[in-house]
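S.K.: can you look at this prediction? I've put the sequence above it.
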Amino acid sequence: MHLKPLLRFTTSGSVDDGKSTLLGRLLYESGSIPEDQYQVIEEYSKRKGKEHVDLALLLDGLEAEREQGITIDVAYRYFETKKRKFIVADTPGHEQYTRNMITGASTASLGIILIDASKGLQIQSRRHSFLLSLFGLPRILVAINKMDLVDYSEEVYEQIIDDFQEFSAKLNITNISFIPVSALMGENISRPSSEHMPWYEGESLLHFLENVHIESDRNLIDFRLPIQLVLRPNSDFRGFAGTITSGQLRNGDKIVSLPSGQESQIESIHSSGEVVTEAKAGEAVVVTLNSEIDVSRGNILTKINNLPEKSQHVDCYLSWMSEKSLNPNQYYLFQHGHRILKAYVHKIHYRFNLDDLHRQTEVEEVSLNEIIRVGLTLTEPIFFDSFKSNKNLGSFILIDSDDFTNVGAGILRGPSKNLAKLKENRSLISPNVVEQPLPISLQDYEQNTGHKPSVIWLTGFSGSGKSTIAANLVRILHDMQHKVILLDGDNVRHGLCGDLGFSLEDREENIRRVGETAKLFYETGHIVVCTFISPLREIRDRVRKLLPAGGFIETFINCDIESCKKRDPTGLYAKAMKGEIKDFTGISSPYEDPKDPEIIVDTDHLKLDESVQVIFDYLKENQFI
């Protein structure tokens, strides 16, 4: 059975440019309106004293829209012709509802910008064109409507084309078409307007929609299958269900599951209730593998030699969709495909002025409908593609963590370059620097001190008790004549790391320096007790890798954030919640609990001496002391 191809497109423009009338005309002339429904609209139009049938009534279904005469929500309409099926998003023209236009454009292959021929290119049409460009729509059709109001003038039509082309030269749009129409009169909608516009030799609007080439939009190269559901109806079957968002798959293909990195091979593919040998982008499938690997909801199956990008710090464009202003001092929920993570805004780069397309770098507040470029830090790395190659893995939704409403929609540009460059620069070592061998071996130090060296790394929220526990532990070890040293987060900020702030970049550099210092003391036989919030697993693991296996003892001082807020010994939480301190862990910056720490100390329930004893016992049992 041959299935008709599907075209998704969106319409936008200024208020009263005739979007609803145009779509009503398309529905009518494609035979998608029952005759009795048309008669009702015809009679209603006569009662209202309208000279022509008001086809816009087919689209303006909400009562508020009929009263105001404008479209205020995204309305999805479906129709078809002999050649194609269509899903069209009728999006609002009023500036107040810009966010709805982005919603409608997010899945479209074509954007139609309507321009009222009697008014010319307006600000809102410029805004919508820019947004379609920014969010990566591959092609735009400019429908110059209401040609009947300018006596079907070729000069007016050509002038609007010149104006739009001059404006669009600033945008990332390469595929633009122009068609003159009169939606009200039905001119050039389903057939050429040879009587009123004999000077126009192009195709009608419906002919354009039926024949515009969209097959190349599908990315059949980069295979991506986000897992939506794991199916286990019985012990003999374990399948992974989802929709292929790009690329194609065949039986026997070698795949890798992300984020685990485990590899396997496709054993079978099930689609529409049948076993098939291959599947491609857009198809919902269930796949089975020839080996047991770790795959769960939110994971991604991809080809081994074609992986998406991976980063915990992402650069993105964000459309703000809430009446509440963006708050950099709180975390948001970041929904990416089937995964939901916590996200923190670590930088607002600039805001777009949609009137003149200029960038405003001084951004004090982000309001409804504004478009900004931001850097986000996530609690775990994500795998993603550019929006252009994969809309599913290249886009995300931001959710308010308090009331769980959608507050933003965005597209991913790539990893945050400033963070990536910082890491790159730190890895540079001059070829003229030669590492010197240690004059005394670690074994000799151990023999002399009577204990093994170690780095005891206390991590947890501010106020969890890290410094107090560490100070008491160091006193006990010192009294036992052990070589012990304390590296405290606040103390190193007065010297070794006095030039650093508290941004994520500076926090990483702070821990890098401390880790290298701890390593030097470790190599001279010391027990090094470190107390640092060190919020991200990645930077703690970086210190672990500096030391021999078993030398790094990650100690999670586990205390609920609400308990830490109540304690607030230095008043920092109160300041952070007022917005007086930026990048404060647990309030406006992320903290990732250790996954497999060597020691967990629950200071919500243990007293100070009991907490110290937990660490002391571990050192004793594992023969460090």
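M.R.: Sure, I can see it.
S.K.: following element in sequence after the helix or strand bottoming out on mean pLDDT in the chain, please.
M.R.: Every helix and strand of the chain was ranked by mean pLDDT, DSSP states H and E. The lowest is helix 63-68, at a mean of 42. Counting by DSSP states H and E, the next helix or strand C-terminal to helix 63-68 is strand 75-80.
S.K.: neighbouring strands for that next one, and are they parallel or not?
M.R.: Within its sheet, and counting by DSSP bridges, strand 75-80 is paired with strand 85-90 (antiparallel).
S.K.: list the contacts for residue 145?
M.R.: Contact analysis of residue 145 by CB atoms under 8 Å, 6 or more residues apart in numbering lists 17, 18, 22, 114, 115, 116, 117, 181, 182, 183. For every residue, glycine as well, the C-beta is placed using N, CA and C.
S.K.: as a markdown table, these with neighbour count, distance to residue 547 and secondary structure would be great.
M.R.: As requested, the contacts of residue 145 are exported to a markdown table (neighbours: other CB atoms under 10 Å; distance: CB to CB, whole Å; DSSP: H, G, I helix; E, B strand; the rest coil):
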| residue | neighbour count | distance to residue 547 | secondary structure |
| --- | --- | --- | --- |
| 17 | 26 | 66 | coil |
| 18 | 26 | 70 | coil |
| 22 | 28 | 68 | helix |
| 114 | 25 | 65 | strand |
| 115 | 26 | 66 | strand |
| 116 | 22 | 70 | strand |
| 117 | 24 | 73 | coil |
| 181 | 26 | 71 | coil |
| 182 | 25 | 76 | strand |
| 183 | 27 | 72 | coil |
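S.K.: pick the one among those residues closest to residue 5.
M.R.: Using CB to CB, residue 22 comes nearest to residue 5 of these, at 21.8 Å.
S.K.: how near is the residue nearest to the closest one when sequence neighbours are not counted to residue 128?
M.R.: Of all residues not flanking residue 22 in the chain, residue 183 sits nearest, at 3.9 Å (CB to CB, 6 or more residues apart in numbering). Residue 183 sits 18 Å away from residue 128, going by CB to CB, to the nearest Å.
S.K.: quick check, the residue nearest to residue 22 in contact with residue 18.
M.R.: Yes. Residue 183 is in contact with residue 18 according to CB atoms under 8 Å; the separation is 5.0 Å.
S.K.: common neighbours of the two, please.
M.R.: Shared contacts of residue 183 and residue 18, defined by CB under 8 Å, 6+ apart, comprise 145, 146.
S.K.: where are the low-confidence patches of the stretch 301-450 of the chain?
M.R.: 354-355, 418-436 (pLDDT under 70).
S.K.: that one: strands as residue ranges?
M.R.: Under the criterion DSSP state E, counting those that start in this stretch, the stretch 301-450 of the chain contains strands at 309-320, 332-336, 339-352, 359-360, 371-384, 395-400, 406-415.
S.K.: now those strands in a markdown table, with distance to residue 490 and mean neighbour count?
M.R.: A markdown table is the format used below for the strands of the stretch 301-450 of the chain (distance: least, CB to CB, whole Å; neighbours: other CB atoms under 10 Å):
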| stretch | distance to residue 490 | mean neighbour count |
| --- | --- | --- |
| strand 309-320 | 26 | 21 |
| strand 332-336 | 29 | 20 |
| strand 339-352 | 22 | 19 |
| strand 359-360 | 37 | 12 |
| strand 371-384 | 23 | 22 |
| strand 395-400 | 33 | 21 |
| strand 406-415 | 31 | 20 |
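S.K.: perfect, that will be all.
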